[in-house]
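Dropping a prediction and its sequence here:
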Amino acid sequence: MSLDSKLASLADVPQKDKGAAYCEVFKQLVASSPPSADDIGHLVRYVVSQDHVGLVVARQVLGELVKALDEDPLKLNDEVQKGVILSSLESIQRSVSFQEQATALRLKLADIYEAEEEWSEAAKTLMGLNFDSGGLAEDEQKLNIYIRIVRLLLEDEDSVQAETWQNRAGLLIHSTSNRELQLSFKLCQARINDYTRKFVEAAMRYHELSWVAEIDDEERLQMLSAAVTCAVLAPAGPNRSRLLASLSRDERTAQLSNYTILSKMFLEHILRPSEVKGFEESLKPHQLAKIAQSSNDRVAVLDDEQPGDEPVSKRTGPSTVLDRAVMEHNLLSCSKIYNNITFSGLGTLLDLAPAAAETMARRMIEQGRLRASIDQVERLITFESCDDEEAQGKAGGLGDVNLETEDTGAPFTKKWDQQIRRTAANVEEIVQVLHEKGLVGNTVAMAA
């Protein structure tokens, strides 16, 4: 007997027996080898659309369908499962009477897409849920799905939509005490900051998560490595200096592959292209994004070139996020080494056209990330001294240091005094380490 004939024969069954009768037909379809997604979909459309079947019976059949998806033989065939769910959703998605069953079917479909690494389809399936229905009445249920959507969108590298759903989750995160959800929310926040190039915020959140004891050791190291990567890519300035100091004092960073570049940046060494190349290979695609330089900047650089400038480079600006981070770091490092430098000299150091190097320095000065003054007549950049307390001293957790210094009116004398104070502090730190390891005591005993 065909399926249509079976369904037609059930029309005259008493209403109290219809539920069991239609459920029996459904079980027969599922037990057939192999199960037919078209036949099961046809049954669902029939019980949902025919008035004589009734709402209660239709819900019973849909309930059996939801249970059957987690049992053999449907459980063993993802393609049949997808076909059944998609045809069923098409039949019931416009009816408000089956929202609970539609929610269960969408969650199951999202699981299938996620197992197949179809991140975008899984996210779209979850977005189609009715979050105001009775099936998702609890805030924690909504929060769990919001965070799951954010995670799927980030896997698909769609940070724009991910940020929108993250904002929704942010409205509910304070209503839960579920530690796992709280940590997942923080991780998504860090990843969104990473994708949107807010590298300072991303590094801080990654570093915070790397200390959470509930997370596996391997994952904590991955987060610590991500924190170092974001700190390196962050715009040069006091905020990044504090971040680099905090990471450098973390003993765990010594075992990371990107520790070398972290150390050099913290110590304000000038980075060479060969040192950056290895680090560049470890970056993710979004961290290698190209920087679009405005036409005004290119024209300004070309118009500002002087006949006396040495044609050391024709580059008018950094090309990638990493390129910009390294150039700005080298410019800051240069300010620690030289008292002043010409535009052409800075261009040689940064591999930029002299006018482009001057543009980069000017922007960093405007943003308060570099203390210097520019003499455009002499084509010279003069660096101003910067107290260590403002850059890295406070970053290491040493607290505010109030030093009363006499204003002699001689900037070079003041800078010399600061260098002496810095050297004395380094020597004191070395002696303290030797004391802790007992090396100073042993030396004294041997001398005696």
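Sure, I can see it.

what sits up against stretch 252-266?
Contacts with stretch 252-266, where a contact means Cβ atoms under 8 Å, 6 or more residues apart in numbering, come from 210, 221, 224-225, 228-229, 231-232, 244-245, 247-248, 271, 275-276, 279, 282, 329, 392. The C-beta positions use only the backbone N, C-alpha and C, and glycine is treated the same way.

So which residues of the stretch 251-400 of the chain form strands?
Per DSSP state E, counting those that start in this stretch, the stretch 251-400 of the chain carries strands over the ranges 340-342, 372-375, 380-383.

mind giving me TSV with the ones you listed and columns for mean pLDDT and mean neighbour count?
Formatted as TSV, the strands of the stretch 251-400 of the chain follow (pLDDT from 0 to 100; neighbours: other Cβ atoms under 10 Å):
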stretch	mean pLDDT	mean neighbour count
strand 340-342	91	18
strand 372-375	91	14
strand 380-383	92	20
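
related to what we said a few turns ago, make a PyMOL selection of the buried ones in the contacts of stretch 252-266.
Buried subset of the contacts of stretch 252-266, written as a PyMOL selection, criterion 16 or more other Cβ atoms under 10 Å:
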select buried, resi 210+221+224+225+228+229+231+232+244+245+247+248+271+276+279+329+392
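
Of the contacts of stretch 252-266, which belong to helices?
Counting by DSSP state H, those place 221, 224-225, 228-229, 231-232, 244-245, 247-248, 275-276, 279, 329 in helices.

thinking in terms of the whole chain, how far from its middle is stretch 114-125?
Mean C-alpha position of stretch 114-125 versus that of the full chain (Cα atoms, centre = their mean, to the nearest Å) differs by 19 Å.

Tell me the span between the first and last residue of it.
10 Å (Cα to Cα, to the nearest Å).

can you list contacts of that stretch?
Asp78, Arg106, Leu109, Ala110, Tyr113, Ile149, Leu152, Leu153, Glu155, Asp156, Asp158, Gln161.

Measure how buried the first one is and give me the count.
Under the neighbour criterion other Cβ atoms under 10 Å, Asp78 is assigned a count of 14.

Quick check: phi and psi at it.
Backbone torsions of Asp78, given as degrees, to the nearest 10, read phi -70, psi -40.

List the contacts of the residue nearest to it when sequence neighbours are not counted.
Closest residue in space to Asp78, ignoring its immediate chain neighbours: Ile112 at 5.4 Å, by Cβ to Cβ, 6 or more residues apart in numbering. Shown in contact with Ile112 (Cβ under 8 Å, 6+ apart): Asp78, Gln81, Lys82, Ile85.

Distance of the spatially most central residue of the chain relative to Trp119?
For the chain, the residue nearest the mean C-alpha position is Arg191 (1.3 Å; Cα atoms, centre = their mean). As judged by Cβ to Cβ, to the nearest Å, Arg191 and Trp119 stand 13 Å apart.

Could you do Val84 as well?
Distance, Val84 to Trp119, by Cβ to Cβ: 22 Å.
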